[in-house]
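Trainee: All I have is the shape, not the residue letters:
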């Protein structure tokens, strides 16, 4: 499957999500909805783009997210991390004891995790048009995403980063996700948006578009943990362990660990779903 620049597949309206772009990468109900990439991606400033945002705009966006996070109930520890916007480094430091933050240009002095991001995608997240985790979604670690998580040399990965990413890049208290208004991306056969992600729980929403085949790639068909797909609109074909069954609005499918699962849409309307993956390894 050829790699596609995902800025071309970002859909900014529900009509885009449900009516166009049917032949690109799609949803994968598999282990790697969020995968860490290697340092080589950023070594070449891989997420710089043709239409970058101004550094002042990038700094203002990060300031808005950091200021909002000061009031987040999950803000319980210090954080320092990098953000690379269109190839330009920023460091964000969050101090829990003083409920304060600093944002400066340049790399973190201590090795940490960082978010490489296309400026236009970061602006979409800032406007509430796409969730940050959706922008990071990918099927395999080698896939391209317009926003990602990476590690500086010498930094270790803390699983708490996944939950932190959701809370830092989601403003408001309580955090309300208007998922039907959020843009999806195509990652292995269907259109996917990620809602929340932490060790032991992944959740998302999306559409199986007419003509799409989710998990057509054999590597994507089984998980070592259970999944649940809740159909909230229209019809699709669920192919479970090779057996086809029509499913649709109101149907909840429980998929045990190890069960092969594919979803196809031979019908005229998009099939809408919610996705939950849970348990050890999720």
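Mentor: Noted; the coordinates are in hand. In this text, all values refer to a predicted model and were calculated from it rather than measured experimentally.

Trainee: Every contact and neighbour count from this point should use C-alpha atoms.
Mentor: Will do.

Trainee: Can you show me the strands along the stretch 151-282 of the chain?
Mentor: Using DSSP state E, counting those that start in this stretch, the strands of the stretch 151-282 of the chain run over 185-186, 191-198, 201-208, 213-214, 227-233, 235-240, 243-248, 252-255, 261-264, 271-278.

Trainee: tell me which strands and helices the last one is in contact with?
Mentor: Same thing as strand 271-278. The contact analysis (3 or more CA pairs under 8 Å, 6 or more residues apart in numbering; DSSP states H and E) places strand 271-278 against strand 201-208, strand 227-233.

Trainee: if you compare those strands, which one is most tucked away?
Mentor: strand 201-208 (a mean of 23; mean count of other CA atoms under 10 Å).

Trainee: So what's the model's average confidence on that strand?
Mentor: If you average the pLDDT over strand 201-208, you get 96.

Trainee: For the residue of the chain most remote from its centre, give me the pLDDT.
Mentor: Relative to the centre of the chain, and counting by CA atoms, centre = their mean, the farthest-placed residue is residue 98 at 30.8 Å. Listed pLDDT for residue 98 reads 98.

Trainee: Quick check: it is in a strand.
Mentor: No: the assignment for residue 98, made by DSSP: H, G, I helix; E, B strand; the rest coil, is coil rather than a strand.

Trainee: what's the spacing between it and residue 77?
Mentor: Per CA to CA, to the nearest Å, residue 98 is found 11 Å from residue 77.

Trainee: before we move on, what about residue 89?
Mentor: Distance of residue 89 to residue 77, given as CA to CA: 23 Å.

Trainee: cool, and residue 204?
Mentor: 27 Å.

Trainee: again, but for residue 281
Mentor: 25 Å.

Trainee: ok, these two, which is more surrounded?
Mentor: Each of residue 281 and residue 77 had its neighbours counted (other CA atoms under 10 Å), and the higher figure belongs to residue 281 (13 against 10).

Trainee: my guess is that one meets residue 224, correct?
Mentor: Yes: the pair residue 281 / residue 224 is scored as a contact, 7.0 Å apart, by CA atoms under 8 Å.

Trainee: Please name the nearest non-neighbouring residue to residue 149.
Mentor: residue 115 (4.7 Å; CA to CA, 6 or more residues apart in numbering).

Trainee: mind listing what that neighbour touches?
Mentor: 82, 83, 84, 147, 148, 149, 150 (CA atoms under 8 Å, 6 or more residues apart in numbering).

Trainee: Need phi/psi at residue 78.
Mentor: Main-chain dihedrals, residue 78, degrees, to the nearest 10: phi -80, psi 150.

Trainee: contacting residues for it?
Mentor: With CA under 8 Å, 6+ apart, residue 78 has these contacts: 93, 94, 95, 96, 97.

Trainee: Now the two most distant members of the contacts of residue 115.
Mentor: The most widely separated members of these, counting by CA to CA, are 82 and 147 (12.7 Å).

Trainee: the more surrounded of the two?
Mentor: residue 82 (27 against 24).

Trainee: Mind listing what's buried along stretch 67-83?
Mentor: Buried residues in stretch 67-83, counting neighbours by 16 or more other CA atoms under 10 Å, are found at 67, 68, 69, 70, 72, 75, 80, 81, 82, 83.

Trainee: Looking at those, spot the one nearest residue 246.
Mentor: The nearest member of those to residue 246, counting by CA to CA, is residue 72 at 42.4 Å.

Trainee: isn't the closest one right up against residue 167?
Mentor: Yes: the pair residue 72 / residue 167 is scored as a contact, 7.4 Å apart, by CA under 8 Å.

Trainee: pLDDT weak spots in the stretch 1-150 of the chain?
Mentor: 1-49 (pLDDT under 70).

Trainee: Do you have the strands of it handy? List them.
Mentor: Using DSSP E, counting those that start in this stretch, strands in the stretch 1-150 of the chain cover 79-85, 88-95, 100-105, 113-117, 150-151.
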